[in-house]
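*Asks:* sequence first, then the predicted structure, then my questions.
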Amino acid sequence: MIVAQISDLHVRRAGHVLHHMPNTASYVERAIDLLHAMDPRPTLVLATGDLTERGSPHEYRRLRTLLGRLEIPAFLLPGNHDRRDALRRAFADHAYLTTCATHASYAFDAWPLRVIALDSTYPSRAGGYVDDERLAWLDAELCEHPNRPTILALHHPPFRTGVRALDAHGFLNVERLGEIVRRNPQIARIICGHVHTAPMQPWNGTLACTAPSTSPQFVVGRSPLGIGLEAAGILTHEWTFDAALRTSVVRIDGRYAALIA
């Protein structure tokens with residue numbers, strides 16, 4: 001089975017563009033075309049945050065129209081550019097978004113995997129955030145299925161990326177999150193967004209990675225200003241018959257895949 005990960009769509013209302021990421025909506029459409037063309041097709045799509053640029057009702061209506069073309073089940077997770085309440089209103093039929101009253105975390109079975117989506121956002125905060133309630137919820141979900149291979153999805157990566165501008169925002173309570181991850185070896189992968197590129201590194205006994213954005217854009221690189229150019233892309237996480245999870249980067253325009261773990 002294949003979990004496709006799209007991230008950092010940054011959809012704006014019609015007629016508005018981002019100076020550094022033009023035509024974000026058209027690249028969402030291209031990403032959907034790519035997903036439909038895959039053979040085999042992904043089992044599900046997980047969108048790991050920054051679905052819109054400002055979290056406005058206009059943007060979510062446009063996002064809903066764009067994702068309405070998708071013929072594969074999709075699950076959404078907010079990022080720091082999103083607004084949780086507006087997302088829930090726009091996607092009221094996505095009942096999983098209201099699993100928890102104070103955060104948009106949820107879990108579901110995608111046999112033979114289990115997927116846990118942990119909301120790492122807090123209003124007006126750019127960096128990651130998990131509080132006692134979220135950590136207790138996560139711990140309980142993991143304890144309920146200790147032997148089920150699990151993908152843990154967040155918007156914010158829990159590791160330091162080397163991107164100064166993003167690392168400076170920090171991740172509140174990330175050490176306690178790490179303790180929970182370390183106690184649960186069934187976590188086969190931690191998948192995130194936020195940094196618009198695809199680093200991967202070991203973290204507390206598992207592998208953690210981030211996805212590229214669906215739009216081509218300037219991303220943080222080696223310079224102090226963090227300017228680099230990277231092609232649009234998605235990640236695929238494929239669970240194979242030999243009980244291994246393999247993660248690949250697939251570029252939207254070139255449609256080539258590169259195995260990264």
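*Replies:* Structure's in. What do you need? Residues are numbered from 1 along each chain as shown.

*Asks:* and for Thr24, the neighbour number?
*Replies:* Neighbourhood size, Thr24 [other C-beta atoms under 10 Å]: 25. Where C-beta positions appear, they are placed from N, C-alpha and C, glycine not excepted.

*Asks:* kindly apply the preceding question to Ser7 instead.
*Replies:* Ser7: 30 surrounding residues under other C-beta under 10 Å.

*Asks:* contact partners for it?
*Replies:* Going by C-beta atoms under 8 Å, 6 or more residues apart in numbering, Ser7 touches 47-50, 79, 155, 192-194, 210-214, 234-235.

*Asks:* and the closest residue to Pro216 other than its chain neighbours, how many residues sit next to it?
*Replies:* Excluding the flanking residues, the one nearest Pro216 by C-beta to C-beta, 6 or more residues apart in numbering is Ala232, at 4.6 Å. Residues within reach of Ala232, counting by other C-beta under 10 Å, total 24.

*Asks:* for Ala232, report the pLDDT, please.
*Replies:* The model reports Ala232 with a pLDDT of 90.

*Asks:* what residue ranges in this protein score low on pLDDT?
*Replies:* 15-22, 217-229, 255-256 (pLDDT under 70).

*Asks:* try it again at 50.
*Replies:* Along the chain, segments meeting pLDDT under 50 span 223-227.

*Asks:* quick one, what contacts the residue most central in space within it?
*Replies:* Per C-alpha atoms, centre = their mean, the C-alpha nearest to the average position across the chain is that of Thr48, at 2.0 Å. Counting by C-beta under 8 Å, 6+ apart, Thr48 makes contact with 5-8, 77, 79, 153-155, 191-193, 211.

*Asks:* now with 6 Å?
*Replies:* Neighbour list for Thr48: 7, 77, 153, 155, 193 [criterion: C-beta atoms under 6 Å, 6 or more residues apart in numbering].
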